[in-house]
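In: Prediction below, plus the sequence it came from.
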Amino acid sequence: MSTPATPPRSLAEALRARDDVSLAALLRARPDLITPVPTDLTQLATRAGTRASVVRALERLDRFALQTAEALAVAGDPASYAELLGLLAGDAGDRAVAAALPRALGTLREQALVWGEDARLRLVRTARELLAPSPQHPSPTGLGPTVQEASAGMSPGRIQEIVTAAGLPSTHDSVSAVAALTGLFTDRKRMTKLLAALPEESLDVLRRLVWGPPYGQVTADPAPRLRRLLDLGLLLPTSPGTVVLPREVALHLRGGLAHRETEPVPPVVEAAASYRPQVVDATAAGQAYTALATVEELLKDWDEGGPAVLRAGGLSVRDLKRTAVALDVPEPAAAFWIELAYAAGLLASDGEADERYAATPAYDEWLERPPAERWVRLAEAWLAATRTAGLVGGRDAKERALSALGPGLDRSAASEVRHRVLTLLAGLPEGAAPVAESVLARLRWERPQRREDDLRSRLARWTLEEAELLGVTGRGALAAHGRALLGSAAAPGPGRTAQEEPTGPGDKLPVHHHPVPVPHPEPLSAAEQAVAAAAAGRLLAPLLPEPLDHVLLQADLTAVAPGPLQRPLADMLGVLADVESKGGATVYRFTPGSVRRALDAGQSASDLHAFLTAHSRTPVPQPLAYLIDDVARKHGHLRVGAASAYVRCDDDAVLNEILADKRAASLGLRRLAPTVLAAQADPAALLDGLRSMGFAPAAESAEGDVLIARAHAHRTPPRTAPEPVPDGPPVPDATLLTAAIRAIRAGDLASTTPRKQAPSAGPAGELPRTSSAETLATMQAAVLTGEALWIGYVNAEGAASQRVIAPVRVEGGFVTAYDHTADEVRTYPLHRITGVAELADD
């Protein structure tokens, strides 16, 4: 659309002058404005000025754009571009500010926070109210009220006294006196002369107030240094005992600056060290495999039913500690792995009466996928999740403990911060690890308003730690598969590619000293994300170690797995032996208990010998063969069943030995027959008791057969992964934007089209009101003449709208017309048309 000949008089007029591309940029930056779609541009402008929407828009400004808005809030209304530049660059001028101001002002205009031409810039009223100084809400600029605002409650006589003391001619009214005083304080030469005549003690008072807060306390009888300032109006009383430094005086003392430190360019993300990209990728891949192994170990540990769910939801502190010990990781890391499995849909509560956590059916499907695909699923879940494992162990606003898998862990900014941190890492040269504090400083510059107890900084720190744990980064630098996971947002940064290991923390890569802030990349669509995930999997797959089909048996009853094992081998070895240590090579130890566990699972001694012979690169050591044979010989010699429980054995001497042992007293044993003992304990307790005494009993069924104690995997019903909590309305896609803009312009056309005024048409902006007979007659006449009409229409849901139509046919209680607002032919029931009016001839 062409720019109007006259400057806009309101935000609605400014929006009306925009083209579709500009409106789309506004709705993309502030998606809350089209939820629901406004009926016209006037309603869009009204919605853009509501407090909730303005606060949200201000929260998403970077530091310099926000400082520009704050400067406009303390400038005149309207303000010129030159005045705004002076507040940000100061009297001395700042080239960086002058270069960055057009971008910042463009951002404010694009988001409808500022409107008007450069000669008459206006901050929307709600933003001015939020950012302008007040005693209740001090301005970030540290400035106080203007002379006019501060003197509003002063008597005319007192104002005239100040004017006279300042050497100005007296006036006939307070308005002109305040204007004269304002003119003095804004005149650099006269103000410099006035301040030069003050004693040093009075100047010290002004210096203490100049950068804020501008308010101070005085007694009923001020000291001479304060009395002089009060007489000249350099300090003005606001309430009994309180004085304020007028804004014009503070700006003169500051050299015209609205802010103590103006930050037109974002802080540089510095590189702490550089590595060869191959080293980074290999390190990250090794950690990625460890991540897969840790999640598998976690869910294998909970295979038969994990910890109980707390009444309030979540995992108890005791169960978290127990899991951390089982995984051999600190508790925060254990909470991260648990939350990661939950976010990926691999873990959930079973919903039973005695509710417990367990693996989901999706876990079994996940196990069957190649390692690279399994890692991609974990990484995607981590990037999108809003649940924040770093909060576990803390307390919420009501001082309630936050537990793993419990409520209260969602933080809507988590996903956005993770993406942003990784994007900043992707902007560094390949192989470069960032200085963590420089990343945090950059994030604080990009979102200075969103303090939230500095949650974003904590989220960023957790992101750097979790990315390393998950294998997205290696040695702090973004790996190739991590870069691919971000898709188009991960363009490599400038600078050389590192070729050598760092020699120390000072080995930094070259960076731009004045980076240009770039807009945050748009979120990837589902199709783009699938392409990025596939690319990440392809890059990671060759770096992951191939599973081995063998172990090394040693004479000290241990087996060494020199790398990851194939799943059937790992599963069987996990039953036959206990893991003694993990790392690059896993060490398994064979014990009587572990061998008995394999026998309880249905394996025979010959099966175990054959298994070890087939999968060992070394001969089966004699001590291990003896251990298996010895445990197998004793296994099942004693049989335990349900009486409540009984023990039977063909060798009555063994039963005599059990009865004579004092440790059997708690079992309540008594002899029923020479080869049978009855017990008061249940079968499980009886089995444990006899095993603690050194025997190797086997459980038997009611038919007398040996029970094979295979582990029965416990699974939850099908569960979906938790949905991330959105940080406000989603960004609209191109299709929705096109439809929304078309509807808004159509509604605006209907509401602004000139029309003939009729007594029954109502005031401008309201729906026309005519009788049914008048409506029908006007419609029929328009069919004959081909003229367009302005109608009011109420749909089936009761929503009212204005439309411009060209009637084609009227019959059967319906009018068929070309709807100019919808740009199509439609049929409307006549009884839903509130009224009709003819359009003006022009």
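Out: Everything's here; your move.
In: how about low-confidence regions in the chain?
Out: 1-5, 449-453, 488-523, 584, 636-644, 702-712, 753-766, 840-842 (pLDDT under 70).
In: need the longest strand for it.
Out: strand 800-811 (DSSP state E).
In: For A381, see how far away the closest residue to P330 other than its chain neighbours is.
Out: The spatial neighbour of P330 that comes closest, neighbours along the chain excluded (CB to CB, 6 or more residues apart in numbering), is A324 at 6.4 Å. Glycine gets a C-beta too; all of them are placed from N, C-alpha and C. Here A324 is placed at a distance of 21 Å from A381 (CB to CB, to the nearest Å).
In: Over to T46?
Out: Taking CB to CB, one finds T46 at 40 Å from A381.
In: more neighbours, those two?
Out: Comparing T46 with A381 by other CB atoms under 10 Å, the one with more neighbours is A381, at 21 against 14.
In: doesn't A344 make contact with that one?
Out: Yes. Using CB atoms under 8 Å, A381 is in contact with A344, at 3.9 Å.
In: Common neighbours of those two, please.
Out: Here A381 and A344 share the contacting residues A721, scored by CB atoms under 8 Å, 6 or more residues apart in numbering.
In: What does the spatially most distant residue from the centre of the chain show for phi and psi?
Out: When each C-alpha in the chain is compared with the mean C-alpha position (CA atoms, centre = their mean), P674 comes out farthest, at 71.5 Å. Dihedral pair for P674: phi -50, psi -30, per degrees, to the nearest 10.
In: Touching, it and D652? I think so.
Out: Yes. Between P674 and D652 there is a contact under CB under 8 Å: 4.7 Å.
In: quick revisit: quick one, what contacts the residue nearest to P330?
Out: Going by CB under 8 Å, 6+ apart, A324 touches P330, E331, A333, A334.
In: before we move on, what SS does it have?
Out: Recorded secondary structure, A324: helix (DSSP: H, G, I helix; E, B strand; the rest coil).
In: How about whichever helix in the chain runs longest, which residues are buried there?
Out: The longest helix of the chain (DSSP state H) is helix 277-301. Using 16 or more other CB atoms under 10 Å as the burial criterion, the residues of helix 277-301 that qualify are 277, 279-281, 283-300.
In: sorry, back to before: which one of the contacts of A324 is nearest L23?
Out: Lowest distance from L23 to these (CB to CB) belongs to A333, with 47.7 Å.
In: How many residues are close by the closest one?
Out: Residues lying near A333 (other CB under 10 Å) number 17.
In: And it, which helix or strand is it part of?
Out: Assigning secondary structure by DSSP states H and E places A333 in helix 331-343.
In: who does whichever helix or strand comes after that helix touch, helix- and strand-wise?
Out: Later in the chain than helix 331-343, the nearest helix or strand by DSSP H and E is strand 347-349. Contacts defined by 3 or more CB pairs under 8 Å, 6 or more residues apart in numbering; DSSP states H and E place strand 347-349 against helix 331-343, strand 357-359.
In: helices or strands up against the longest one?
Out: With contacts defined as 3+ CB pairs under 8 Å, 6+ apart, the packing partners of helix 331-343 are helix 277-301, helix 317-327, strand 347-349, helix 371-384, helix 455-470.
In: Much appreciated, bye for now.
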